[in-house]
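K.L.:
model this:
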Amino acid sequence: MLSHINAKNQPAMVDVGEKPVTARNAHAVAVVTLPPELARLIVNHEITGKKGPVFQTSSIAGVMAAKRTSELIPLCHLLPLDDCQVEIKAGPADARGAVDVVIHCRASTHAKTGVEMEALTGASVAALTLYDMGKAVSHEIVIKEIRLIEKTGGKSDYRSEAEY
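P.N.:
Residues are numbered from 1 along each chain as shown. Predicted coordinates for the structure are as follows:
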């Protein structure tokens with residue numbers, strides 16, 4: 001059964017009142033493909049444009065979003081984040097000159113529920129910010145993937161087989 005659906009088949013917040021506070025960690029990634037004309041602007045693993053340094057701005061946006069996840073995702077608990085780090089790395093150009101950029105968002109807390117949504121939200125908003133800042137050059141930017149890589153704490157841990 002889905003955790004956010006009650007016995008009356010209605011959306012409901014999960015009651016975590018009886019759960020213990022434990023250390024919780026999550027790591028999510030987003031993969032964004034930059035078209036050749038935008039990829040050519042990467043110098044020293046950063047793009048600088050009219051709105052400022054694109055990767056740095058996207059990283060800050062990711063952290064800000066992770067901190068506000070409960071305002072964006074219905075029924076999501078408000079969590080005090082102990083830490084949130086967003087790292088953005090551009091890979092090598094492919095044969096046509098496009099570049100995959102991998103956005104890592106790692107979040108941690110001590111709470112009664114997991115921090116996966118915060119990590120996923122941080123990675124997502126960092127990817128959207130990268131798109132927003134790069135669209136002046138090209139609308140061919142593709143956000144290919146957003147996924148949870150790892151979560152620890154609580155009753156079960158998870159580790160994806162995917163490598164980034």
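K.L.:
Could you use CA atoms for every contact and neighbour count after this?
P.N.:
Noted.
K.L.:
what's the residue closest to the geometric middle of the protein?
P.N.:
residue 123 (1.5 Å; CA atoms, centre = their mean).
K.L.:
May I ask you to confirm that that one belongs to a strand?
P.N.:
No. Secondary structure of residue 123 (DSSP: H, G, I helix; E, B strand; the rest coil): helix, not part of a strand.
K.L.:
close enough to count as contact, it and residue 31?
P.N.:
No. Counting by CA atoms under 8 Å, residue 123 stays clear of residue 31, with 9.0 Å between them.
K.L.:
before we move on, back to that, list the residues that contact the residue nearest to the centre of the chain.
P.N.:
28, 29, 30, 62, 86, 103, 104, 105, 146 (CA atoms under 8 Å, 6 or more residues apart in numbering).
K.L.:
all strands of this protein, in order?
P.N.:
Along the chain, counting by DSSP state E, strands occupy 22-34, 48-49, 52-53, 81-93, 99-111, 142-152, 158-159.
K.L.:
Turn those into a markdown table, including mean neighbour count.
P.N.:
Below are those laid out as a markdown table (neighbours: other CA atoms under 10 Å):
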| stretch | mean neighbour count |
| --- | --- |
| strand 22-34 | 23 |
| strand 48-49 | 14 |
| strand 52-53 | 12 |
| strand 81-93 | 17 |
| strand 99-111 | 24 |
| strand 142-152 | 18 |
| strand 158-159 | 12 |
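K.L.:
Can you add distance to residue 130 and mean pLDDT and give those strands back as TSV?
P.N.:
Output for the strands of the chain, formatted as TSV (distance: least, CA to CA, whole Å; pLDDT from 0 to 100):
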stretch	distance to residue 130	mean pLDDT
strand 22-34	8	97
strand 48-49	11	73
strand 52-53	10	82
strand 81-93	10	96
strand 99-111	10	97
strand 142-152	9	97
strand 158-159	26	94
